[in-house]
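> starting from these lines, generate the structure:
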Amino acid sequence: DRDIIDDAGLGLLAPFLPPIRGRACRPAIDNRRILERIFWIARTGSPWRDLPERFGKWNTVWRRFARWRDDEIYEAILGAL
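Numbers count the residues shown, from 1 in each chain. So this is what the prediction gives:
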């Protein structure tokens, strides 16, 4: 399935990803699911608002993407590769 990051792929990325932050009233989406959604956007070139409903709220994914961008997570991953 194109929307699945296997355990090996996640294992390579996991050391660079921050811990999942949730709230008592609403748990956070795990990093694997967020990465799958970010990769879908990158692969398709679609606007964030066109993220399929099966992936949940586009804004949730965008906020995590933006937080990781601001924290330079992507630069750390690319540097390691």
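
> use CA for all of it now, contacts and neighbours both
Fine.

> what's the burial count for the closest residue to Asn31 other than its chain neighbours?
Take Asn31 and drop its neighbours on the chain: the residue closest to it by Cα to Cα, 6 or more residues apart in numbering is Ile20, 6.9 Å away. Neighbour count for Ile20, taken as other Cα atoms under 10 Å: 11.

> for the remainder of this discussion, apply numbering that starts at 49.
Done: numbering now begins at 49, and the last item shifts to Ile68.

> in three-state terms, how would Ile68 be classified?
Following DSSP: H, G, I helix; E, B strand; the rest coil, Ile68 is assigned to coil.

> just the pLDDT for it.
Note on Ile68: pLDDT of 77.

> and for Arg97?
96.

> burial check on the residue nearest to it when sequence neighbours are not counted, number of neighbours?
Excluding the flanking residues, the one nearest Arg97 by Cα to Cα, 6+ apart is Trp106, at 5.8 Å. By other Cα under 10 Å, 17 other residues sit near Trp106.

> quick one: Trp106 from Asp55, how far?
Trp106 sits at a distance of 24 Å from Asp55 (criterion: Cα to Cα, to the nearest Å).

> can you check Ile125 too?
For Ile125, the distance to Asp55 (Cα to Cα) stands at 17 Å.

> what's around Asp54, how many residues?
10.

> for the protein, which spans come out with low pLDDT?
Applying pLDDT under 70 to the chain flags the ranges 49-51, 70-75.

> ranges for the helices of it?
Per DSSP state H, the chain carries helices over the ranges 55-61, 79-92, 106-118, 121-128.

> quickly compare the ones you listed and say which is most buried.
helix 79-92 (a mean of 16; mean count of other Cα atoms under 10 Å).
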